[in-house]
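Chemist: Turn this into a model:
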Amino acid sequence: MDLISTRIITADVKKLISFYEQITGQKAIQYTPDFAELRTTVATLAIGSTRTLQFFGGEGVAGAAQNRTVIIEFRVKDVEEVYSRLKEFLAAYLVQPPTQMPWGNRSLLFRDPDGNLVNFFTPVTTEAIQRSGGDKGA
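Modeler: Numbers count the residues shown, from 1 in each chain. Take a look at the predicted model:
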């Protein structure tokens, strides 16, 4: 079994596409006005409109902008450089500037426009680098 993607359900697909394109520097693929994907070499972040819920059992199965349990994580080569580059853009969304975590990562925490928590991190200790496959980041 392979984890392929995480999907965010939103009332504003265009706004989230724009946000994630800005923070990742990658272009999303928008298949329809209600669905887009931002693909990385490891997994995909999907963005779906609330209108797509009809295909998954109806509006009651998920709600836009209600997540308080999941952190969307991106491993980056240098979290300090990313923070420096995006500092102004992320000012309104910032939860925590780059901080050393006890498990060996430097983490930058912020929320997307729907309130989803996002973590950009760089493994910095020997143990964390080894856990990530011997690479500091993408």
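
Chemist: Next, the buried residues of stretch 43-58.
Modeler: Buried positions in stretch 43-58, judged by neighbour count with 16 or more other C-beta atoms under 10 Å: 45-50, 52-53. Yep, even glycine has a C-beta here, placed from its N, CA and C like the rest.

Chemist: now stretch 24-41
Modeler: 24, 28, 35-38.

Chemist: Please list the members of those residues that lie in helices.
Modeler: Judged by DSSP state H, these include residue 24 as members of helices.

Chemist: quick check, nearest of the buried residues of stretch 43-58 to residue 16?
Modeler: residue 47 (5.0 Å; C-beta to C-beta).

Chemist: show me what contacts the closest one?
Modeler: Applying C-beta atoms under 8 Å, 6 or more residues apart in numbering to residue 47 gives the contacts 7-8, 10, 13, 16-17, 20, 28, 35-38.

Chemist: Make sure residue 43 is actually in contact with residue 72.
Modeler: No. Shown here, residue 43 and residue 72 do not form a contact pair, counting by C-beta atoms under 8 Å, at 10.1 Å.

Chemist: joint contacts of those two?
Modeler: residue 6.

Chemist: what residue is smack in the middle of this protein?
Modeler: Nearest to the geometric centre of the chain sits residue 72, at 4.2 Å (C-alpha atoms, centre = their mean).

Chemist: With adjacent residues omitted, what lies nearest to that one?
Modeler: What sits nearest to residue 72 in space, not counting adjacent residues and going by C-beta to C-beta, 6 or more residues apart in numbering, is residue 118, at 4.9 Å.

Chemist: contact partners of the helix or strand hosting that neighbour?
Modeler: Assigned by DSSP states H and E, residue 118 belongs to strand 117-123. With contacts defined as C-beta under 8 Å, 6+ apart, strand 117-123 is touched by 23, 67, 70-80, 82-83, 95, 101, 104-112, 129, 131-132, 135-137.

Chemist: I'd like to know which elements the next helix or strand after that strand is packed against.
Modeler: On the C-terminal side of strand 117-123, the nearest following helix or strand under DSSP H and E is helix 126-131. If you count contacts as 3 or more C-beta pairs under 8 Å, 6 or more residues apart in numbering; DSSP states H and E, helix 126-131 packs onto no helix or strand.

Chemist: Having no further points to raise, I will conclude here.
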